[in-house]
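Chemist: Build the 3D model from these lines:
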Amino acid sequence: MKADPSAQVRLLDLQDLDSRADQLRHQRRSLPEIARLAELAEGRSRIEGQAQDARITVDDLTAEQAKVDGDVEQVKARRQRDQQRIDQGLVSNPKDIQRMQQEMVSLERRITALEDDEIEVMERLEEAQNTLDALTAQLSDTDAQIADTTAARDAKLAEIDQALGEVESRRAPVATELPTDLIALYDRLRESKGGVGAALIRSRRCGGCMLDLDHAELASIRAAADDDVIRCEECSRILVRTSESGL
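Modeler: Here you go, the predicted structure:
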């Protein structure tokens with residue numbers, strides 16, 4: 001392939017711009033905020049699951065407490081009703097009075113047992129509510145961290161995108177002034193060679209694979225015409241000759 005020596009040197013400018021764009025794209029993908037947001041999202045999902053379980057526990061214990069409270073009130077109301085009947089003399093039969101008094105003793109024991117259950121449920125409910133409150137606070141803190149990290153990520157992305165836009169705007173005129181066949185070769189090599197399609201020969205070394213050129217290859221390069229497009233025998237990249245090449 002033939003290409004004007006000035007076009008070959010200009011190809012290095014294109015390579016510099018493409019390398020800078022690749023760096024910016026890599027930086028964009030590798031922002032620490034992106035990994036941090038994924039970590040925060042995972043943590044939030046876990047906490048939300050725990051909070052949901054805690055809400056169910058609180059709801060269940062609240063319903064259980066309401067039932068125990070209702071049972072206590074029901075038994076107390078029955079005891080009070082029986083006591084009023086005795087106090088008001090509505091029951092005159094001694095056997096009925098004895099039976100009711102025995103029943104009231106049983107009701108007292110029942111009330112005591114229910115009140116013990118009531119206290120136990122209240123303690124469990126308080127513990128469950130404390131757990132839910134702590135998880136809710138963790139969710140709020142996580143949401144705040146997500147908001148802050150998202151803002152930081154977006155600010156950095158905007159900065160990178162602006163820089164990338166500037167590089168791409170500078171690339172367009174450089175690419176249009178180069179021969180299409182040279183650009184096509186360069187693009188193919190860039191795709192297969194980790195983003196570097198053209199490299200400078202500096203001090204008799206390939207700037208792409210960073211290997212020294214052997215004597216035979218150097219002799220071949222020295223013998224080549226100025227407009228010949230030289231390729232590295234090791235990495236196949238386009239080699240550009242300048243005064244720094246040491247040829």
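Chemist: Count the neighbours of residue 151 for me.
Modeler: Number of residues near residue 151 (other C-beta atoms under 10 Å) recorded here: 11. In short, each C-beta sits where N, CA and C put it, glycine included.
Chemist: How about the contacts made by it?
Modeler: With contacts defined as C-beta atoms under 8 Å, 6 or more residues apart in numbering, residue 151 has no neighbours.
Chemist: Three-state assignment for it, please.
Modeler: helix (DSSP: H, G, I helix; E, B strand; the rest coil).
Chemist: For residue 201, see how far away it is.
Modeler: 47 Å (C-beta to C-beta, to the nearest Å).
Chemist: What's the first helix or strand after the longest strand along the chain?
Modeler: Secondary structure of the chain per DSSP state E: the longest strand is strand 198-202. For strand 198-202, the following helix or strand on the C-terminal side (DSSP states H and E) is strand 205-206.
Chemist: Which positions in the helix or strand following that following strand come out as buried?
Modeler: Going down the chain from strand 205-206, the next helix or strand is helix 215-223, by DSSP H and E. Residues 217, 218, 221 are the ones in helix 215-223 that count as buried (16 or more other C-beta atoms under 10 Å).
Chemist: Tabulate the residues you listed in a markdown table, adding columns for pLDDT and distance to residue 87.
Modeler: Listed next are the buried residues of helix 215-223 as a markdown table, based on pLDDT from 0 to 100; distance: C-beta to C-beta, whole Å:
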| residue | pLDDT | distance to residue 87 |
| --- | --- | --- |
| 217 | 90 | 120 |
| 218 | 90 | 122 |
| 221 | 91 | 121 |
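Chemist: Please identify which of the residues you listed is nearest to residue 71.
Modeler: Nearest to residue 71 among these is residue 217, at 96.7 Å by C-beta to C-beta.
Chemist: Leaving aside the residues adjacent along the chain, what's closest to that closest one?
Modeler: Spatial nearest neighbour of residue 217, excluding adjacent residues (C-beta to C-beta, 6 or more residues apart in numbering): residue 233 at 5.5 Å.
Chemist: mind showing which ranges of this protein have poor pLDDT?
Modeler: For the chain, residues meeting the criterion pLDDT under 70 lie at 91, 97.
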